[in-house]
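Novice: The following block contains a protein sequence and its predicted model.
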Amino acid sequence: MKEIKQINKIRTPLCTEKCYCIADSETKYSLYITESGIEIQPFKGYFLTFYNYEECSEFLKRPETIKRSQELNIQLQIKEIPM
C-alpha cells in the first residue's frame with residue numbers, strides 16, 4: 001500500500017507550468033544525473049528538467065557543479081524550457 005501512495009504523489013506538469021534546466025549560455029553543455037552522480041556533459045538533445053526554480057537553483061550552487069563548470073571553463077545558468 002505504501003508503494004501505491006508514493007506513485008500517486010508523482011506530479012505531472014501541466015503545459016502551462018514553467019520548467020527549468022541548467023545549461024551554459026549556448027546550450028553546448030547541460031547538467032545531467034548519471035550513475036556516477038551529477039555531471040556536466042555535452043548537450044544530448046534533452047535536459048535534466050526541474051519543475052521548481054528553487055530546486056534548480058540548489059543544483060546550480062552545489063560544490064560539484066561549480067567545480068566541474070570551472071574545470072570546463074563554462075558558466076552555467078538556469079534556463080526556462082519552453083513548453
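Specialist: Now that the structure is in, tell me what you want to look at.
Novice: so where's this protein uncertain?
Specialist: 1-16, 83 (pLDDT under 70).
Novice: ranges for the helices of it?
Specialist: 2-8, 53-60, 63-72 (DSSP state H).
Novice: Turn those helices into TSV, including distance to Cys21.
Specialist: In short, each C-beta sits where N, CA and C put it, glycine included. Below are the helices of the chain laid out as TSV (distance: least, CB to CB, whole Å):
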stretch	distance to Cys21
helix 2-8	25
helix 53-60	7
helix 63-72	13
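Novice: For the residue nearest to the spatial centre of the chain, what are phi and psi?
Specialist: Centroid check for the chain by CA atoms, centre = their mean gives Leu48 as the closest residue, at 3.8 Å. Here is the backbone geometry of Leu48 (degrees, to the nearest 10): phi -70, psi 110.
Novice: quick one: which of the helices of the chain is nearest Ile81?
Specialist: Among the helices of the chain, helix 53-60 comes nearest to Ile81, with 10.3 Å by CB to CB.
Novice: Check what contacts the closest one and list those residues.
Specialist: Helix 53-60 has contacts (CB atoms under 8 Å, 6 or more residues apart in numbering) with 18, 20-22, 31, 38, 50, 65, 76-78.
Novice: run the last query once more with 7 Å
Specialist: Helix 53-60 is contacted by residues 20, 22, 31, 50, 65, 76, 78 when judged by CB atoms under 7 Å, 6 or more residues apart in numbering.
Novice: do you know how far Lys18 is from Tyr51?
Specialist: 8 Å (CB to CB, to the nearest Å).
Novice: Would you pull up how far stretch 69-77 lies from the middle of the chain?
Specialist: How far stretch 69-77 lies from its chain's middle: 15 Å, per CA atoms, centre = their mean, to the nearest Å.
Novice: Can you give me the buried ones in it?
Specialist: Residues 69, 74, 76 are the ones in stretch 69-77 that count as buried (16 or more other CB atoms under 10 Å).
Novice: Okay then, goodbye and thanks.
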